[in-house]
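**Student:** dropping a prediction and its sequence here:
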Amino acid sequence: MGEVSADLVTLDLLREARETVRSSPLGVINTPTIPWCQTTLPLNINCDIIIKLENMQRTGSFKIRGVANQFAKRQKDGHFVTMSAGNYGKSFAYASKHFGSKGKVVMPETAPVSRSVLIQSFGLEVERVPTSCLMNVVNRCVQEDNMTFLHSYDDLDLIAGHASLGMELLEVMPMPDVVVVCCGGGGLLAGVASAVKLSGCDETKIYGVEPEGACTMYKSYIEKKPVGMDTKSIASGLAPPFAGTLPFELCQRYVEGIVLVSDQEIQKAVSILYASGLVVEPSGSAAVAAILNNKIPDLEGKNIVCIISGGNIGKDELSNIPD
């Protein structure tokens with residue numbers, strides 16, 4: 001994508017995107033929130049936490065929010081290409097089928113095969129390649145096949161669409177002390193953080209959570225520029241090969257910091273959530289893992305929002321999660 005400044009992300013832009021998402025023919029849901037204390041999830045901190053259940057969202061994750069705004073801003077009958085480990089690809093495929101557009105999803109070889117099959121069921125082509133080759137294949141499709149690239153996390157319209165989640169949070173908890181959000185390329189984290197901060201929550205501390213083996217945003221903070229790495233994690237949806245440029249700029253402005261969780265901690269969170277009646281994929285469990293393992297500082301006595309970002313996990317994946 002071309003360079004887009006974070007200065008373009010204004011409250012008016014986010015409000016407009018929220019109305020677009022809310023009225024989208026794709027049927028985006030204002031997902032429910034539940035108090036942590038009304039679940040059987042363990043907690044060793046005295047605080048009030050509400051959980052935002054994006055695992056109950058249309059297509060099973062928050063990604064449909066950004067996709068709804070992206071497609072609203074583009075010619076619907078185009079020929080699009082994207083890269084995704086699964087959740088964005090599923091929402092992209094769902095929208096493509098709805099609007100009758102053609103599309104292709106370039107997926108990392110590490111993504112579950114079941115997700116490729118699901119995307120293909122919507123009538124889209126899938127090409128699986130090594131993670132390091134994702135952008136090379138996308139560029140080939142753009143140059144040789146005249147396809148339009150829709151970025152799965154580094155896109156202004158996408159981030160503005162994801163910000164609708166942040167605005168919904170504030171309707172339930174108008175002045176949270178802490179918001180905990182998973183982070184892959186940074187699109188969701190940037191959108192939620194922008195919505196919260198631009199809505200006047202100056203004192204709210206927002207934390208992103210990344211897997212230790214896919215910590216591109218964490219490393220970007222250290223190097224003060226977006227960086228890439230050879231990512232590897234059970235949370236494939238949080239393991240793109242590089243941090244987004246626009247998400248990085250927005251996160252630098254609005255996000256307190258990035259914390260890391262191990263694959264083992266993520267797996268344990270999936271298991272604990274499942275035992276509590278919540279079906280959540282590894283990527284969607286990262287924020288919960290951070291709270292369960294005391295990775296977020298200074299939560300005692302605070303009002304906290306924790307986002308469960310997706311529930312697209314197959315029986316085969318669940319069976320491989322240790323108890």
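**Tutor:** Received the coordinates, thanks. Numbers count the residues shown, from 1 in each chain.

**Student:** every contact and neighbour count from this point should use C-alpha atoms.
**Tutor:** OK.

**Student:** residue contacts, the residue nearest the centre of the chain?
**Tutor:** Closest to where the C-alpha atoms of the chain average out (Cα atoms, centre = their mean) is Leu188, at 4.5 Å. Shown in contact with Leu188 (Cα atoms under 8 Å, 6 or more residues apart in numbering): Tyr153, Ile159, His162, Ala163, Val181, Cys182.

**Student:** so which strand or helix has it?
**Tutor:** Leu188 belongs to helix 187-198 when assigned by DSSP states H and E.

**Student:** roughly how far is that helix from the heart of the chain?
**Tutor:** Relative to its chain's centre, helix 187-198 lies at 11 Å (Cα atoms, centre = their mean, to the nearest Å).

**Student:** cool, stretch 148-165 as well?
**Tutor:** The answer for stretch 148-165 is 10 Å, by Cα atoms, centre = their mean.

**Student:** all strands for the stretch 101-250 of the chain, in order.
**Tutor:** 102-108, 125-129, 148-149, 178-182, 205-211 (DSSP state E, counting those that start in this stretch).

**Student:** now tabulate those in JSON lines and tack on mean neighbour count and mean pLDDT.
**Tutor:** Output for these, formatted as JSON lines (neighbours: other Cα atoms under 10 Å; pLDDT from 0 to 100):
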{"stretch": "strand 102-108", "mean neighbour count": "24", "mean pLDDT": "93"}
{"stretch": "strand 125-129", "mean neighbour count": "18", "mean pLDDT": "95"}
{"stretch": "strand 148-149", "mean neighbour count": "18", "mean pLDDT": "94"}
{"stretch": "strand 178-182", "mean neighbour count": "27", "mean pLDDT": "98"}
{"stretch": "strand 205-211", "mean neighbour count": "27", "mean pLDDT": "98"}
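
**Student:** between those strands, which gets nearest to Ala289?
**Tutor:** Ala289 sits nearest to strand 205-211 of all the strands of the stretch 101-250 of the chain, at 8.8 Å, using Cα to Cα.

**Student:** same for the closest one, what does it pack against?
**Tutor:** strand 178-182, strand 257-261, helix 286-292 (3 or more Cα pairs under 8 Å, 6 or more residues apart in numbering; DSSP states H and E).

**Student:** got the contact list for stretch 26-33?
**Tutor:** Residues contacting stretch 26-33 (Cα under 8 Å, 6+ apart): 21-22, 50-54, 56-58, 64-65, 68, 95, 98, 168, 172.

**Student:** thanks a lot, see you next time.
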